[in-house]
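Enquirer: fold the following.
(one chain, ligands or ions: 2)
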Amino acid sequence: MRTIEGNLTAQDMKIGLVIGRFNSFIVDHLVAGAVDTIVRHGGDAANIDKVFVPGAFEIPLAVQKMAQSGSYDAVVALGAVIRGGTPHFDYVAGECVKGLGQVQLSTGVPVSFGVLTVDSIEQAIERAGTKAGNKGEECTLAAIEMVNVLKQI
Ligand SMILES: Nc1c(NC[C@H](O)[C@H](O)[C@H](O)CO)[nH]c(=O)[nH]c1=O
Ligand SMILES: CC(=O)[C@@H](O)COP(=O)(O)O
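Expert: Numbering: from 1, shown residues only. Ligands and ions are numbered 1, 2, ... in the order given. Just a heads-up that it's a prediction; the model follows:
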């Protein structure tokens, strides 16, 4: 029997970050967490490319372009969708996650989902480096692990 598990080493990895600027006061903390995680796990900050897009709705297209380029081991999507008073939240968040899932499966490049989808600013703050951790860190670790898992399959 063979067991495959990915380690969390980011050495020599080239990772793309696609960042939705909307709610940037939150998203900046996710980006800082993502970069810090890559460097702490042996990656080189010089190998990180950051692409900024307007909001979560635009993230999948930029992620797709990066994934298709063949230049990245993984792409991390970072953003924050905060529910307002209309159904807009569901459309933006829904298209974002759907698009990211499609890109990951169609390209074979690991894509991780570091887009907060929350009901309030308080929930966003809690997940951007305070009491509920930092989703930017969490999803970057998942991307690193997936790169290392896929290499072994
Ligand atoms: N309301 C939020 C948005 N909305 C903007 C869309 O993502 C998009 O940029 C616009 O509809 C133009 O196509 N984006 C977020 O990232 N977060 C939100 O809370
Ligand atoms: C996530 C959203 O779309 C949100 O910011 C929009 O707010 P509203 O539904 O009040 O227009």
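Enquirer: so residue 26 touches residue 128, yeah?
Expert: Yes. Using Cβ atoms under 8 Å, residue 26 is in contact with residue 128, at 4.9 Å. C-betas here are computed from N, CA, C, even on glycine.
Enquirer: more neighbours, these two?
Expert: When neighbours are counted by other Cβ atoms under 10 Å, residue 26 and residue 128 differ, and residue 128 comes out ahead with 25 against 22.
Enquirer: bridging residues for the more buried one?
Expert: Beta bridges link residue 128 to residue 134, judged by DSSP bridges.
Enquirer: which residues of the chain lie near ligand 2?
Expert: Proximity of the chain to ligand 2, by Cβ under 6 Å from any ligand atom, involves residues 81, 82, 83, 84, 85, 86, 88, 89, 92.
Enquirer: thinking again about what came up before, what residues are shared contacts of residue 26 and residue 128?
Expert: Common contact partners of residue 26 and residue 128 (Cβ atoms under 8 Å, 6 or more residues apart in numbering): 80, 116.
Enquirer: most neighbours, which of the residues of the chain next to ligand 2?
Expert: The member of the residues of the chain next to ligand 2 surrounded by the most neighbours (other Cβ under 10 Å) is residue 81, with 25 neighbours in all.
Enquirer: what parts of the protein come near ligand 1?
Expert: So far as Cβ under 6 Å from any ligand atom goes, the chain lies against ligand 1 at 20, 22-23, 54-58, 79-82, 92.
Enquirer: please enumerate the strands of the protein.
Expert: 15-20, 48-53, 74-82, 111-118, 128-130, 133-134 (DSSP state E).
Enquirer: excluding sequence neighbours, find me the nearest residue to residue 52.
Expert: Nearest residue to residue 52 in three dimensions, chain neighbours excluded: residue 19, at 5.1 Å (Cβ to Cβ, 6 or more residues apart in numbering).
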